[in-house]
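In: predicted coordinates and the sequence they were generated for:
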Amino acid sequence: MFALGLLTIVALAGLGWAGAPPIAEQPLDVPQQVVQTQKPQVCAHTLLENEVEAVKILRSLEMTRELGAATIVQFFPWAYVESRQGHYDWARADSILRLARLQGLRIIARLGLTPGWARPTGTTLTFLPDAAFAAFADYAAAFAARYATDIQHIIIWNEPNLSAEWGFQPADPARYARLLAVSYARIKQVNPAAVVLAGALAPTLEKAGSSVGLNELDFLEALYKQGAGDHFDALAVHTYGFRAPPEAPPQPERLNFRRVELLREVMVNNGDSHKTIHITESGWNDHPRWLHAVRPSQRAAYTIRAYQYAEAHWDWLEALCIWALRYPVDLRGYPDGYTLINAEFLAKPVYYELKAYARGWSVGEALWLPAPDTG
Amino acid sequence: MPRRACHFLAVTALAIALCVLAILPSIPPDRQRAFPTGTIRIGVDASYPPFALDADGELRGLDIDLAAAVAREIGLPVQYRNLSFYGLYDALISGEVDVLVSALPIDAARMDDARYSSAYFNNGLVLVAADGAAAVDVKNLAGKRIAIEYASSTDSILHTWQADAGTIQRLPYELPDYALDALRLGQADAALVDNVSYRLYQRGRRGWVSTSQFITVDPYAIALRRDNHDAWQLVEAALEQLRANGELARLIANWL
């Protein structure tokens, strides 16, 4: 999500662009835990890369486990790990991985963000020049090798069909296909069992030639035309409900939760029906001052119904990840309406409903009472 | 350029200059410093009724009327700029507008750039009971049936109350209006809703008598640039006058 980019930029600005903030590493000797869940598809997107205190990383992961989510999507920015060319600093990633492992959580890793040395001066962190594709692939391979026993799923970049996530350049499926090819090859060299995910594609209606991006349906079709089908094992997708209920039927000119079915059609039409989809961002927003938001009651109900719909109809879906578990700080704007937990670790009602669903504590129960009969 | 045309232009320019000079002295210095354009430029997000809405190109709502009343008190014309909620502070800081009147909660994180007026409305949560009922005593809710909007902030508060006095019966409804319906129909002892929902509900049911008390405070205020002290003083004085003469209460009652 673009808001993630904002968070990252804010974090980097605070750090003087020198790399990741130091973790106040503490001897967090916590016992090994196991996720108790009845719904293995339940997943949350965490934002631990910008968290300073290890105890907050731990608490975030504990609340993910308590939620009954067996999987997290977590960003491991290249710019943090290799802020100096040729020098990998894995301390932060190691810490996140260790704490996640202790909570029994599986990680889907998202890789992206270009360090300053790998891009021209004046470009943004999301700008990846062709000349840096190999260096990015080296990072992806080093990551895949280092965490081969714990992390199998690796997403190459984020929302490459949006200009803002592609260095404010026009969305370019051919370039992304080349990045995917070189990254795939390098990762497979060091960890043949790794699952390389293409995407994650953002939901948008932009047409070809737009300066904002390219709709994900055309983008994926173009990827296949570029031969990218040979260079990913599964597809990562972002799909949001906005104001529509989860059951609203998909249409190419409409953004809603089931829009992912249109991407599935593209995959099937291109002979990729054997590949799975991971929805690595999803959800509804209940911020009172955002036009695309729903009421809190709708948000909770739609979220649960989305999981129920996916379970009943999408046998090709591996994970449905909520954006987002928590931000390190409340953003004081509509993005806050997406989180399950606020910055002070107070769980929102939607968190409790999702927990009851994931843990199997409520099955088919009405979330609210019927409206009183006013005659 | 012909000589006659030059003469005409010179006379016109002189006339305009005299007019400007005639107007400027009529604006006291503080107003001139506060609003150098001679107009109060108001930033508003007209997508949040009943505070502000765009009715076929015409801005209407409590904030629109309040801004007009404040401008009248100050003695300057008003000009509205309809902005997205998330562009309001940028417009204020960049000088595109002078004042924000847009149901803005007072936000401490904005105070490096913005200065707020005193609050003109409290949209905190209210505990509502039927008139004369005892259930509105927050310290004595044990055994009471409390209607709330499911999954809202009221739901979170009720969870904490239940932790303190576990016998509270939680009645979740999809909408605040349904929670108030339950109270009105005797299916609940109290309803916990936000003040705007409560006031709007009452407007549609004039015959229904209820009592309420604030449980939380969520003040809405006017925001100005922090460095524009003159403007803040003028707006604050105008608000005070509107409070004193009852106009603010009338404006609120017109919409809520």
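Out: Cool, got the structure. Numbering: from 1, shown residues only, chains lettered A, B, ... in the order given.
In: quick one: stretch B:204-222 to chain centroid distance?
Out: 14 Å (Cα atoms, centre = their mean, to the nearest Å).
In: so it, near chain A or not?
Out: No - on the criterion Cβ under 8 Å from any Cβ of the partner chain, stretch B:204-222 is out of touch with chain A, staying 9.9 Å away. All C-beta atoms are positioned from the backbone trio N, CA, C, and that covers glycine.
In: end-to-end on that stretch?
Out: Stretch B:204-222 stretches 28 Å from its first residue to its last (Cα to Cα, to the nearest Å).
In: ok, the residue lying closest to A:Leu128 once chain neighbours are set aside - how many residues close by?
Out: Leaving out its chain neighbours, the residue that sits closest to A:Leu128 by Cβ to Cβ, 6 or more residues apart in numbering or on different chains is A:Thr114, at 4.9 Å. Counted with other Cβ atoms under 10 Å in any protein chain shown, the neighbours of A:Thr114 add up to 23.
In: over to B:Asp194?
Out: When counting by other Cβ under 10 Å, one arrives at 20 neighbours for B:Asp194.
In: circling back: SS state for the residue nearest to A:Leu128?
Out: coil (DSSP: H, G, I helix; E, B strand; the rest coil).
In: let me know the pLDDT of it.
Out: On pLDDT, A:Thr114 comes in at 98.
In: now do the same contact list for it.
Out: Going by Cβ atoms under 8 Å, 6 or more residues apart in numbering or on different chains, A:Thr114 touches A:78-79, A:123, A:125-128, A:132, A:136, A:167.
In: beta partners for the closest residue to A:Trp323 other than its chain neighbours?
Out: Of all residues not flanking A:Trp323 in the chain, A:Glu281 sits nearest, at 4.0 Å (Cβ to Cβ, 6+ apart). A:Glu281 has these beta-bridge partners by DSSP bridges: A:His238.
In: ok, A:Glu281 to B:Asp65 distance?
Out: A:Glu281 sits 41 Å away from B:Asp65, going by Cβ to Cβ, to the nearest Å.
In: look at those two and report which has more neighbours.
Out: A:Glu281 (25 against 20).
In: shouldn't the more buried one be in contact with A:Ala200?
Out: Yes - counting by Cβ atoms under 8 Å, A:Glu281 does reach A:Ala200; the two are 6.7 Å apart.
In: tell me, what residue is most central in the chain?
Out: This is for chain A. With distances taken as Cα atoms, centre = their mean, A:Thr280 lies nearest the centre of chain A, 4.0 Å away.
In: my bad, the chain I had in mind was chain B
Out: Short answer for chain B (Cα atoms, centre = their mean): B:Ala103, at 3.5 Å.
In: sorry, back to before: how close does the residue nearest to A:Trp323 get to chain B?
Out: Going from A:Glu281 to chain B by Cβ to the nearest Cβ, to the nearest Å gives 20 Å.
In: neighbours of residue 47, how many?
Out: Using chain A. Neighbours of A:Leu47 under the rule other Cβ under 10 Å: 22.
In: the intended chain is chain B.
Out: 17.
In: over to A:Ile108?
Out: Residues near A:Ile108, counting by other Cβ under 10 Å: 25.
In: rewinding a little: can you lay out the contacts of A:Thr114 as JSON lines showing pLDDT?
Out: As requested, the contacts of A:Thr114 are exported to JSON lines (pLDDT from 0 to 100):
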{"residue": "A:Trp78", "pLDDT": "98"}
{"residue": "A:Ala79", "pLDDT": "98"}
{"residue": "A:Thr123", "pLDDT": "97"}
{"residue": "A:Leu125", "pLDDT": "97"}
{"residue": "A:Thr126", "pLDDT": "98"}
{"residue": "A:Phe127", "pLDDT": "98"}
{"residue": "A:Leu128", "pLDDT": "98"}
{"residue": "A:Ala132", "pLDDT": "98"}
{"residue": "A:Phe136", "pLDDT": "98"}
{"residue": "A:Gly167", "pLDDT": "97"}
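In: out of the residues you listed, list just those in helices.
Out: Taking DSSP state H, the ones among the contacts of A:Thr114 that sit in helices are A:78-79, A:136.
In: nearest to A:Ala69 among these?
Out: When those are compared for distance to A:Ala69 (Cβ to Cβ), A:Trp78 wins out at 25.9 Å.
In: contact residues of chain A facing chain B?
Out: A:286, A:289-291, A:295-300, A:332-334, A:346, A:348-350, A:353, A:367-369, A:371-374.
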